[in-house]
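Novice: sequence and computational prediction follow.
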Amino acid sequence: MIKARYHCLSKVPLVLPNTRKGIILSQQIPFSKLPSFNKSRALSTLKPLLNKQHILLPNTPKILRSTQVHYLLTQPKLFHLHSRYYATSTQQPLPKFMSSQKPPYFLMVFLLMLYFAYNLSDNRYDDDTEEIYKTKKTKDILFSYLILKVCSFQTLVKYSPQILEMAEKFGLMPFVNSIMKHTFFKNFCAGETIAETEGVVDELKTLGIGAILNYSVEEVGGGKVQFDKITDDIIRTINIASTNPSLAFSCAKLSGLCSLKLLQHISDIIIYEQNKTGVAPPPLSKEEQEEYKDLLGRLDKICDISVKAGVPILIDAEQTWYQPAIDNITLTLCKKYNVQRPIVYNTYQMYRKDSIERLNKHIKEARERKYKLGVKLVRGAYMASERENAQLKGVPSPILDSIVETHTSFNEGMDLVLKNLDTTGIVIATHNENSVKKGIELLKSEKISPLDTRVQFAQLYGMADYLTLEIANNGQRVFKYVPFGPIEDVMPYLIRRLQENTGFMGSTSAKEVSLLRKELFRRFWSFFSFIPLFGVKSKQSSTPTVEATPSPAISPPKQ
């Protein structure tokens, strides 16, 4: 056999591997000059070597017969290929860029540009992205990266409600819903039905992360039949969570269980009774009293099943003009169901100016009346609508003026609840690394076990995955808030996620985008690791070997 090597060289040696010691022929054929050869001269040059019936090309199982060699000798371009590409058949045309006599310089330049782009990319964060995203497929990482990048466009986010209104006006909502379903909905929601959430819940469980199933439907209207249907859906989430109650919560949003008009009317009455200023609102009408009775019946049904299943229920916070009614109803449920441990949790939005005062008042009341106050701490998700409403009414905004004040308020609230843990239970729902670090430090200083079921951290599905995994790796209880529901009904939730990812209210989207980009580069270069120039640097070779330590953002709790 005659074995030929083609390496983009002006002269290609022909090797006889079946000869003793693999003698290299002294004669070398100048293929670069082959175009000036005629067919007979080329064949006569190789005639002494063609005493066998075939030639083998390196690294290919295909066999080129001597008849094909005749063809190849008349096609000199085929001899000037990169060493990884070989012509194995005269019937297989080569790509145009590979058929050139010159090496593919543009491809080499492109790879060099990517190589330097990788080394000059944003390396502000030293998180181990390989470990963080080890369970995610590359296509999912790329998808999340693109969605979060789109969320960073403030103009799009700012005018998204107007865009939706215009689409509805011109009958384009089916088209818009289709786009949303395959983009933002796919990233921030687990599906449209409970059945579609099961895969997400199982995946989280394998990572030691709990799931907070939330039927994220609000402001649906539709009357009693629709409200009863949502109640049944919430009960189904409790039944699913009951299979692993130590790693599960459920959620309810009152605006999905009654009309917004009822919540606002009740809130107006409560505010008047507290302040005794302004015009007294009228009492509830007979129809409103009946609707209020139905609402309490639905909530009692949900809480009864929660107690039996051992699954806590989180009551979501809403805008300030609905919140007095929500607080009043939720605290009434706490008094009834939170005798032994927190089952019903009220949500406190710490970007409100009165949040610490309300929290102090409710903790004091729970201690006096001997029940456990369930507290879910969040920064807040209605900043835009709150400020717009205050501006329309000509009153001061109920929202703190700066993000720094909001961070301070959140951390003070966390400190207050953890120091009163004999009367409370807490879900620390935050994407802020400093708040997570402070929370873990408080747990250590108060000598609270990281496995204490009264304390848990939580992040939203589709956001801050790196932070959730870091908390879980430190042995702390952590949950993902997993929303689901029909695309047209969860649109308000999606708009708030868009707004949160523009960087307001302590969102970590900027860091998450950087980490996703870093992991994409890492996976790209690992694909080219067989090329020494482009291979990914070894972790051991790039820096001196040191003992592994946790991320500086999170300190591991003492066992």
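Specialist: The structure has been received and is ready for your questions.

Novice: flag every buried residue along stretch 349-358.
Specialist: 349-352, 355-356, 358 (16 or more other CB atoms under 10 Å). Quick note: C-beta positions are derived from backbone N, CA and C, even for glycine.

Novice: which residue ranges of the stretch 351-500 of the chain form strands?
Specialist: Listed in chain order, the strands of the stretch 351-500 of the chain (DSSP state E, counting those that start in this stretch) span 373-378, 424-429, 455-460, 478-484.

Novice: thinking again about what came up before, between the buried residues of stretch 349-358, which sits nearest Pro483?
Specialist: Gln349 (17.5 Å; CB to CB).

Novice: you'd agree Asn244 is up against Asp202?
Specialist: No - Asn244 is beyond contact range of Asp202, at 10.1 Å (criterion: CB atoms under 8 Å).

Novice: the more surrounded of the two?
Specialist: With neighbours defined as other CB atoms under 10 Å, Asn244 and Asp202 compare such that Asn244 has more, 13 against 10.

Novice: which residues sit in contact with that one?
Specialist: Taking CB atoms under 8 Å, 6 or more residues apart in numbering, we find Asn244 in contact with 205, 210.

Novice: so where's the stretch 401-550 of the chain shaky on pLDDT?
Specialist: 499-508, 527-550 (pLDDT under 70).

Novice: my bad, the stretch 101-250 of the chain
Specialist: 101-126, 218-222.

Novice: in it, which spans are strands?
Specialist: Under DSSP E, counting those that start in this stretch, the stretch 101-250 of the chain gives strands at 210-215, 248-252.

Novice: parallel or antiparallel, list what pairs with the shortest one.
Specialist: Here strand 248-252 is paired, per DSSP bridges, with strand 210-215 (parallel), strand 313-315 (parallel).

Novice: distance to Lys253 and mean neighbour count added to those, as TSV?
Specialist: Output for the strands paired with strand 248-252, formatted as TSV (distance: least, CB to CB, whole Å; neighbours: other CB atoms under 10 Å):
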stretch	distance to Lys253	mean neighbour count
strand 210-215	8	26
strand 313-315	8	25
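
Novice: out of those strands, which comes closest to Phe521?
Specialist: Short answer: strand 210-215, nearest of the strands paired with strand 248-252 by CB to CB, at 30.9 Å.

Novice: could you give the angle of the closest one to strand 478-484?
Specialist: 20 degrees (axes from the mean of the first three to the mean of the last three CA atoms, to 10 degrees).

Novice: re the thing from before, could you pick out which of the buried residues of stretch 349-358 are located in helices?
Specialist: Members of the buried residues of stretch 349-358 lying in helices (criterion: DSSP state H): 355-356, 358.

Novice: count of residues packed around Ser514?
Specialist: Around Ser514 there are 19 residues (other CB under 10 Å).

Novice: before we move on, what about Ser178?
Specialist: 11.

Novice: roughly how far does it sit from Ile487?
Specialist: Using CB to CB, to the nearest Å, we find Ser178 at a distance of 9 Å from Ile487.

Novice: got it, and Gln319?
Specialist: Computed with CB to CB, the distance linking Gln319 and Ile487 is 23 Å.

Novice: for Phe479, same thing?
Specialist: 24 Å.

Novice: which one's more surrounded, the two?
Specialist: More crowded of Phe479 and Ile487, by other CB under 10 Å: Phe479, with 23 against 18.

Novice: ok, that one - contacts?
Specialist: Contacts of Phe479 by CB under 8 Å, 6+ apart are 209-212, 247, 249, 427, 456-459.

Novice: re earlier: with respect to Ser526, which of the strands paired with strand 248-252 lies nearest?
Specialist: So among the strands paired with strand 248-252, strand 210-215 is nearest, using CB to CB, at 31.4 Å.

Novice: dump the closest one to PDB, keeping only the CA atoms.
Specialist: Provided in PDB are the C-alpha atoms of strand 210-215 (Å, rounded to 0.1, in the frame of the first residue of the first chain):
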ATOM      1  CA  GLY A 210     -37.400  22.900  46.600                       C
ATOM      2  CA  ALA A 211     -40.200  24.200  44.400                       C
ATOM      3  CA  ILE A 212     -42.900  26.800  45.200                       C
ATOM      4  CA  LEU A 213     -45.600  26.100  42.700                       C
ATOM      5  CA  ASN A 214     -47.600  29.300  41.800                       C
ATOM      6  CA  TYR A 215     -50.600  29.500  39.600                       C
END
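
Novice: just the angle between that strand and strand 424-429, please?
Specialist: 80 degrees.

Novice: when you give positions from now on, start the count at 48
Specialist: With 48 as the first residue, the last one maps to strand 257-262.

Novice: and strand 257-262 with strand 420-425, angle?
Specialist: 80 degrees.

Novice: contacts for strand 257-262, please.
Specialist: 241, 244, 247-248, 251-252, 277, 280-281, 284, 287-288, 291, 293-298, 300, 303, 361, 363, 503, 505, 524-532.

Novice: which helices and strands sit right next to the longest helix along the chain?
Specialist: Secondary structure of the chain per DSSP H: the longest helix is helix 333-356. Counting contacts by 3 or more CB pairs under 8 Å, 6 or more residues apart in numbering; DSSP states H and E, helix 333-356 packs against helix 270-288, strand 295-299, helix 307-322, strand 360-362, helix 370-384.

Novice: model confidence for the closest residue to Lys308 other than its chain neighbours, exactly?
Specialist: Leaving aside its sequence neighbours, Lys308 sits nearest to Glu335 (CB to CB, 6 or more residues apart in numbering; 8.0 Å). For Glu335, the model assigns a pLDDT of 96.

Novice: who's in contact with Glu335?
Specialist: By CB under 8 Å, 6+ apart, the contact set of Glu335 is 308-309, 312.

Novice: returning to that earlier point: for the strands of the stretch 148-297 of the chain, give me a markdown table that also has distance to Leu439.
Specialist: Formatted as a markdown table, the strands of the stretch 148-297 of the chain follow (distance: least, CB to CB, whole Å):
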| stretch | distance to Leu439 |
| --- | --- |
| strand 257-262 | 30 |
| strand 295-299 | 29 |
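
Novice: for Asp499, find the nearest of the ones you listed.
Specialist: strand 257-262 (14.0 Å).

Novice: got the angle for that closest one vs helix 270-288?
Specialist: Going by the same axes, to 10 degrees, strand 257-262 makes 160 degrees with helix 270-288.

Novice: quick one: the helices in the stretch 148-297 of the chain?
Specialist: With helices called from DSSP state H, counting those that start in this stretch, the stretch 148-297 of the chain shows them at 152-166, 176-179, 185-198, 201-205, 207-216, 220-228, 231-235, 241-253, 270-288.

Novice: quick check: which of the ones you listed is buried the most?
Specialist: Stretch with highest mean neighbour count among the helices of the stretch 148-297 of the chain: helix 231-235 (a mean of 22; mean count of other CB atoms under 10 Å).

Novice: helices and strands around that one, which ones?
Specialist: helix 185-198, helix 538-547.
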